[in-house]
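A.B. asks: Provide a 3D model corresponding to the input given below.
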Amino acid sequence: MNESSLTTTRPRPLLAALTLCWREILRFFRQRNRIIGAIATPLVFWLLFGAGLDRSFELSAAGSDGQGFREYFFPGTLAMILLFTAIFASVSIIEDRREGFLQSVLVAPIPRWSMVLGKILGGTLIALFQGSLFCLLALTVDNVTSDPLALLGLLGIMFVVSLALTAMGYLIAWRMDSTQGFHVIMNLVLMPMWLLSGSFFPIPSLESSRGIMYWIMTLNPLTYGVTGIRWLIFENMNAESSNPDFFLPSLQVCWAVSLVFALVAFGLAWKVSGSRTTADLL
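C.D. replies: Got it, this is the predicted structure:
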C-alpha cells in the first residue's frame, strides 16, 4: 500500500460542536410539545398575574408616570422562557446517555470542550429563538424602546443569559440518571434563582430592606441578566433608576456580571464533563 493512499483524519472540534448544536435544534423542532411548554406556561403566568396585579402595583419615580405590573413582569417572563428552555434542553443529556449516543460522543477523537460547546450552544440558540418570539408581545406594553441598537443589545444579553442557564442545566444534568431527579433539582435551584432575581417583585434597596433579602437578591447572578433586559427593553429606565427605594444596577454592571456568570457556568460544565458518574446527584 502506497503512503499516498493512507489518509489521516484529523479531529475538527468546531465542526463537531456545530454538528451537535444542529442536532439539538432539529430535535427541538421535531418535539412541538417543547415549543408549547416553554412559551405557553410563562405566557399564561404573564397574562394572569398581569391582569390580576396590574392595578395594585405601580413602580414610579419623581417625574415618571409609573409602571404597572404587566409592564414590570414582562422582562421576568422573558427570563422564565429562557429558564424553561434551558431545563428542557438539558434533559437531552440524560436521554443521550440512556440511549447510548453520549457514550459514542465521549469516545470520539474530539476534545471534551467541543461536546460541551455543541450541547450548550444548541440549547442557547433554541432559548434565544423562543425568547425572540415572546419579545413580539412587547408591542402590547407601554414605553418599549424602538432604538435598533437597544434591540440588538437585548438579543445579545438574552444570548448570554441563555448560555449561562443552559450551562447550569448541563452541569446538573451530567450528574443525573433520571429525568425525575433532574427536574427536582432544577426546581430547587433555578426556580428560586428566578424568583429572587427581581423578575416578580422589585429588589429593595439596602436602606429600605432588612438586609438579608437585599444580599440574597444582589448576589444572585440572574438578577443582573433580568435587570439588563429591563434596561434594554424600556425607554423610561433612566427615570425609574432614580428611585432610592429599589436596587437597580447600571447596564454596564449587568453586562459584566452576566458575562462572568456565563463564562463560569460554561467552565464548570466543561470541567464536570471530564468526570464519571454512576448515580444521581442525590
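
A.B. asks: next, count neighbours for the closest residue to residue 230 other than its chain neighbours.
C.D. replies: Closest residue in space to residue 230, ignoring its immediate chain neighbours: residue 75 at 4.5 Å, by CB to CB, 6 or more residues apart in numbering. Where C-beta positions appear, they are placed from N, C-alpha and C, glycine not excepted. Per other CB atoms under 10 Å, the neighbour tally for residue 75 reads 24.

A.B. asks: dump the residue contacts of residue 75.
C.D. replies: 199, 226, 229, 230, 233 (CB atoms under 8 Å, 6 or more residues apart in numbering).

A.B. asks: just how off-centre is the strand or helix carrying the third one within its chain?
C.D. replies: So that's residue 229. In the assignment (DSSP states H and E), residue 229 maps to helix 221-233. The chain centre lies 11 Å from the centre of helix 221-233; the measure is CA atoms, centre = their mean, to the nearest Å.

A.B. asks: coming back round to it: just flag the most distant two among the contacts of residue 75.
C.D. replies: 199 and 233 (13.1 Å; CB to CB).

A.B. asks: hang on, the earlier thing: so the residue nearest to residue 230 is in which element?
C.D. replies: Residue-wise, residue 75 maps onto helix 69-99 under DSSP H and E.

A.B. asks: quick check: buried residues in that helix?
C.D. replies: Buried residues in helix 69-99, counted by 16 or more other CB atoms under 10 Å: 69-94, 96-97.

A.B. asks: relative to residue 226, how far out is the residue nearest to residue 230?
C.D. replies: As judged by CB to CB, to the nearest Å, residue 75 and residue 226 stand 6 Å apart.

A.B. asks: now swap in residue 172 and tell me
C.D. replies: Distance from residue 172 to residue 226, by CB to CB: 21 Å.

A.B. asks: more neighbours, the two?
C.D. replies: Neighbour count, other CB under 10 Å: between residue 172 and residue 226, residue 226 has more, with 26 against 21.

A.B. asks: shaky segments in the stretch 101-250 of the chain?
C.D. replies: 206-211, 236-245 (pLDDT under 70).

A.B. asks: hmm, 80 instead?
C.D. replies: 101-104, 106-109, 139-143, 177-180, 183, 186-187, 201, 204-211, 213, 235-247 (pLDDT under 80).

A.B. asks: quick check: angle from the helix holding residue 229 to helix 69-99?
C.D. replies: 130 degrees (axes from the mean of the first three to the mean of the last three CA atoms, to 10 degrees).

A.B. asks: now do the contacts for residue 23.
C.D. replies: Counting by CB under 8 Å, 6+ apart, residue 23 has contacts 118, 122.

A.B. asks: shouldn't it be within a strand?
C.D. replies: No. In this structure, residue 23 is helix, not part of a strand, as judged by DSSP: H, G, I helix; E, B strand; the rest coil.

A.B. asks: start at 17, not 1
C.D. replies: From this message on, residue numbering opens at 17, which makes the last subject residue 39.

A.B. asks: beyond the helix holding residue 91, next helix or strand please.
C.D. replies: Tracing the chain past helix 85-115, the next element assigned as helix or strand by DSSP H and E is helix 117-122.

A.B. asks: list the buried residues of that next one.
C.D. replies: 118, 121.

A.B. asks: what is the subsequent helix or strand relative to it?
C.D. replies: Next along from helix 117-122, by DSSP H and E: helix 128-151.

A.B. asks: which residue, other than its chain neighbours, is closest to residue 37?
C.D. replies: Closest to residue 37 by CB to CB, 6+ apart is residue 138, at 4.1 Å.

A.B. asks: from residue 185, how far off is that neighbour?
C.D. replies: Counting by CB to CB - residue 138 and residue 185 are separated by 12 Å.

A.B. asks: what residue lies at the spatial centre of the protein?
C.D. replies: By CA atoms, centre = their mean, the mean C-alpha position of the chain lies nearest to residue 178, the distance being 3.1 Å.

A.B. asks: could you list which residues are in contact with that residue?
C.D. replies: Counting by CB under 8 Å, 6+ apart, residue 178 has contacts 98, 101, 102, 139, 140, 143, 144, 147.

A.B. asks: surely the second one and residue 146 touch.
C.D. replies: Going back to what we said before, that points to residue 101. Yes. Counting by CB atoms under 8 Å, residue 101 does reach residue 146; the two are 5.4 Å apart.
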